[in-house]
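**Q** could you work out the structure for the sequence below:
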Amino acid sequence: MHKTKIKIAADALDANTTIAQANRADFDRADVRVVNMMSAPGAGKTALLERVLDDLDDVRVGVLEGDVQGSLDADRLAHLHLPIAQINTDPGFGGECHLDANMVRSALPALPLAEIDLLIVENVGNLVCPALFDLGEDRKVVVISVTEGDDKPLKYPHMFAAADLVVVNKTDLLPHLDFDMERCERDARRLNPDLTWISVSVRTGDNLGAWFDWLGTL
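**A** The predicted structure is shown next:
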């Protein structure tokens, strides 16, 4: 039985990879760069987007929102007047804890790819499953907040090993927490020496320019 479960999981990932390749081909034809944003719930993905997307004047941005239910995050971004598509994963047993390539593919008709330079996929809040599923993206971003603790790279190594960029949010709360930034970054770089590391505070605006600049270079 155990071997059967492993084979089923491998088959599912193989099928996902095939669809992700089709997504990537469509994005390449439309000359669209794609960023997959992942985090635990409440780390601040949507807030990070709110603070900078309106200022990317020379980049046409679209957003694909993934949630188990509802459209709260998409509603928060609506005032930016960007192309936004919503994916809800709630059909099934409690809702999927991640987006997969097929879900993204099903949402593409709702996005005007010919009018977009950069597509941000805001994944379902989870530090485990999203790391395993290629969506056809160019870059993976992991957002953590200092309120979660500095042990996240050790507890969720696959997520940090897959990341191109780590954004540490809510740094304004550091004086009130036992969060060791140097240790957290060191543990992450042991998994992935090539990742980019940015620490910010959405509330105060501290170092948001680094996040803005990274998006602007894609």
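**Q** switch to C-alpha atoms for all contacts and neighbour counts from now on
**A** Noted.
**Q** stretch 130-142: end-to-end distance?
**A** Across its full length, stretch 130-142 reaches 10 Å end to end, with Cα to Cα, to the nearest Å as the criterion.
**Q** and stretch 54-70, by the same measure?
**A** Stretch 54-70 end-to-end distance (Cα to Cα) = 23 Å.
**Q** starting at the chain centroid, how far to that stretch?
**A** For stretch 54-70, the separation from the chain centroid amounts to 11 Å (computed by Cα atoms, centre = their mean, to the nearest Å).
**Q** quick one: contacts of that stretch?
**A** Applying Cα atoms under 8 Å, 6 or more residues apart in numbering, the contact partners of stretch 54-70 are 53, 71, 73-74, 80, 82-90, 95-99, 107, 111, 115-125, 212, 216.
**Q** of those, grab the buried ones for ChimeraX.
**A** Those of those that count as buried under 16 or more other Cα atoms under 10 Å are selected in ChimeraX with:
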select :53,73,74,83,84,85,86,87,88,89,96,97,98,99,111,116,117,118,119,120,121,122,123,124,125,212
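**Q** so of the contacts of stretch 54-70, which ones are in helices?
**A** Mapping the contacts of stretch 54-70 onto helices (DSSP state H) picks out 73-74, 107, 212, 216.
**Q** is it possible to get CSV of those residues that adds pLDDT and distance to N23?
**A** Written out in CSV, the entries for the ones in helices among the contacts of stretch 54-70 read as follows (pLDDT from 0 to 100; distance: Cα to Cα, whole Å):
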residue, pLDDT, distance to N23
D73, 93, 23
A74, 94, 22
A107, 95, 11
F212, 92, 26
G216, 87, 22
